[in-house]
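Novice: Quick one, fold the following:
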Amino acid sequence: MDSNHLFYIIISILIIQYVIETFLDYLNAQRYQDPIPHELEDVFNEEEYQKSQEYKKTNYRFGLVSSTFSLFLTLSFLTLGGFNYVDQWIAILTDNSILKALLFFGIILIGSDIITTPFSYYQTFVIEEKFGFNKSTFKLFLLDKIKGWCMMVILGGGLLALIIWFFQWAGSNFWIYAWSIIAVVTIFMNLFYSKLIVPLFNKQEALQEGDLKSKIQDYAETVGFALDNIYVMDGSKRSTKANAYFSGFGKEKRVTLYDTLIKDLEEEEIVAVLAHEVGHYKKKHILFNLFASILLTGVTLFLLSLFINTPEVSLAIGVSKPSFHAALIGFGILYSPISEITALIMNYLSRKFEYQADDYAKSTYKAKPLITGLKKLSKKSLSNLTPHPSYVFMHYSHPPLINRIHNLKV
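Specialist: Numbers count the residues shown, from 1 in each chain. So this is what the prediction gives:
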């Protein structure tokens, strides 16, 4: 297949993905006015429900504009020779293939982020501000951007340089070595993300002695779960939305509570939420997701190795000279339909895991505080209580609130 055919396939993939996503968003938006299910009538009062509806409608309209702009930007870059212009410009600067690739991706990714920054600014300081969620400042917003770029340059750039070096050294077998190093980095990040990365953006402090810590430790002891690392993160510096998450495994496992979660939920509800997180650990969901991610990475890299030496894959994005970095862009778009399918499978499994973790919390602690805690979290985030089933199937990693409550009441 020549590069022209691949070019039109790439254009078709981008447009079809946009049409599908837009249609799913439309279907979901049609459910915004549905009556609240009887079991959820206590989540919102009438005024709060109207506010949640307006929040969803605002995000729907904003999402439509931003996704349309993103499609227009990508198609324009492809059809007007943007990739070729960048490629030729960096060829003037250096002959080193690794440095070329780093500059190529750095210019495209950071340039794209700069162009779309007004959208993220509007999302944060207009929409989130209007509905009472935003606690960030422009200074913090800008610092987060800069830190994010630095992380991308150091981690992403370092990995990309290694992968290209493996390609130059091992040829088409580069994927084995690339897979090995990415697997090591993935496991390392899973173990030490909260220690190394989170402190760059947020402060974390050990949960202070008191009733809450005692209740958490009592529960952990009851289920035979050693839990010494319980931290509170200052999530309120950016948003009023609450969360909790579990990270690491073995001696490095830790629970992180947002300070907003401690503020919004009763102590029994917090313990119930943690019981759910412990359920994920006990059911080996964290290890499954980790190794599934590593396996999918290996499959992707293997497929990449089959196409990376095909000049047409590079030429399909409009460059005049085939290269590893151009082929990586072309392959990424061509592979995206497969990526969508694997995402569907992972979301399906994730929803099953959420039910299993809820069941664990119900059997080892209590169902009622988990139900009331989930309702409060949904209310606080103005979440959609009546999502369209098709949208849930395609995008939800967690079951809708009504489904989780039905399961907890069984």
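Novice: From here on, just use CA atoms for contacts and neighbour counts.
Specialist: OK.
Novice: Kindly provide the distance from the closest residue to His388 other than its chain neighbours to Pro389.
Specialist: Among residues not flanking His388 along the chain, Asn28 sits closest, at 4.8 Å (C-alpha to C-alpha, 6 or more residues apart in numbering). Using C-alpha to C-alpha, to the nearest Å, one gets 8 Å for the distance from Asn28 to Pro389.
Novice: C-terminal to the helix or strand containing Gly111, what's the next element?
Specialist: Counting by DSSP states H and E, the element that carries Gly111 is helix 97-122. With elements assigned by DSSP H and E, the helix or strand that comes after helix 97-122 is helix 129-130.
Novice: Point out the other helices and strands that that next one packs with.
Specialist: Contacting helix 129-130 under the criterion 3 or more C-alpha pairs under 8 Å, 6 or more residues apart in numbering; DSSP states H and E is no other helix or strand.
Novice: My understanding was that Leu265 contacts Gly373; is that so?
Specialist: Yes. Leu265 lies in contact with Gly373 (C-alpha atoms under 8 Å); the separation is 6.4 Å.
Novice: what helix or strand does the nearest residue to Ile262 once chain neighbours are set aside sit in?
Specialist: Once flanking residues are discounted, Ile262 sits nearest to Ile270: 7.2 Å by C-alpha to C-alpha, 6+ apart. Assigned by DSSP H and E, Ile270 belongs to helix 267-282.
Novice: Output that helix as PDB - backbone C-alpha positions only.
Specialist: Coordinates of each C-alpha in helix 267-282 appear next as PDB, following Å, rounded to 0.1, in the frame of the first residue of the first chain:
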ATOM      1  CA  GLU A 267     -15.100   9.100  59.400                       C
ATOM      2  CA  GLU A 268     -17.100   5.900  58.800                       C
ATOM      3  CA  GLU A 269     -17.600   6.900  55.100                       C
ATOM      4  CA  ILE A 270     -13.800   7.500  54.700                       C
ATOM      5  CA  VAL A 271     -13.100   4.100  56.200                       C
ATOM      6  CA  ALA A 272     -15.600   2.500  53.800                       C
ATOM      7  CA  VAL A 273     -13.900   4.200  50.800                       C
ATOM      8  CA  LEU A 274     -10.600   2.900  52.000                       C
ATOM      9  CA  ALA A 275     -12.100  -0.600  52.500                       C
ATOM     10  CA  HIS A 276     -13.000  -0.300  48.800                       C
ATOM     11  CA  GLU A 277      -9.400   0.600  47.900                       C
ATOM     12  CA  VAL A 278      -8.100  -2.300  50.100                       C
ATOM     13  CA  GLY A 279     -10.500  -4.500  48.100                       C
ATOM     14  CA  HIS A 280      -8.700  -3.600  44.900                       C
ATOM     15  CA  TYR A 281      -5.400  -4.600  46.500                       C
ATOM     16  CA  LYS A 282      -6.700  -7.900  48.000                       C
END
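Novice: picking that back up, which of Asn28 and Pro389 has more residues huddled nearby?
Specialist: Using other C-alpha atoms under 10 Å, the more surrounded residue of Asn28 and Pro389 is Asn28, with 20 against 15.
Novice: Just list the residues touching that one, thanks.
Specialist: 387-388, 391 (C-alpha atoms under 8 Å, 6 or more residues apart in numbering).
Novice: Pull out the buried residues from the one helix or strand it maps to.
Specialist: Per DSSP H and E, Asn28 falls inside helix 3-29. Neighbour-count burial for helix 3-29 flags 3, 6-7, 10-11, 13-14, 18, 21-22, 24-29 (criterion: 16 or more other C-alpha atoms under 10 Å).
Novice: hmm, back to that, packing partners for the helix holding Ile270?
Specialist: Using 3+ C-alpha pairs under 8 Å, 6+ apart: helix 267-282 touches helix 211-222, strand 244-247, helix 324-364, helix 368-380.
Novice: any idea which helix or strand comes after the helix holding Asn28?
Specialist: Per DSSP H and E, the first helix or strand lying C-terminal to helix 3-29 is helix 46-79.
Novice: what angle do that next one and helix 368-380 make?
Specialist: Counting by axes from the mean of the first three to the mean of the last three C-alpha atoms, to 10 degrees, helix 46-79 lies at 60 degrees to helix 368-380.
Novice: list the helices and strands helix 46-79 packs on?
Specialist: helix 3-29.
Novice: sorry, back to before: residues in contact with the following helix or strand past the helix holding Ile270: which ones?
Specialist: Following helix 267-282 in sequence order, the next helix or strand is helix 285-307 (DSSP H and E). Residues outside helix 285-307 that contact it (C-alpha under 8 Å, 6+ apart) are 172-176, 178-179, 182-183, 186-187, 280-281, 313, 327-328, 331, 353.
Novice: Mind giving me the ChimeraX select for these, buried ones only?
Specialist: Listed next is the ChimeraX selection for buried residues among those, using 16+ other C-alpha under 10 Å:
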select :172,174,175,178,179,182,183,186,187,280,281,313,327,328,331,353
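Novice: so the residue located most distally from the centre of the chain is in which element?
Specialist: Relative to the centre of the chain, the most outlying C-alpha is that of Ile92, 36.3 Å out, by C-alpha atoms, centre = their mean. Assessed by DSSP H and E, Ile92 sits inside helix 82-93.
Novice: buried set for that helix?
Specialist: Buried, per 16+ other C-alpha under 10 Å, within helix 82-93: 82-84, 86-88, 90-91.
Novice: Now do the buried residues in the helix or strand of the chain with the lowest mean pLDDT.
Specialist: Ranking every helix and strand in the chain by mean pLDDT, DSSP states H and E puts strand 244-247 at the bottom, with a mean of 77. The neighbour-count check on strand 244-247 (16+ other C-alpha under 10 Å) flags 244, 246-247 as buried.
Novice: so which of those comes closest to Gly156?
Specialist: Distance to Gly156, by C-alpha to C-alpha, is smallest for Ser247 among the buried residues of strand 244-247, at 21.4 Å.
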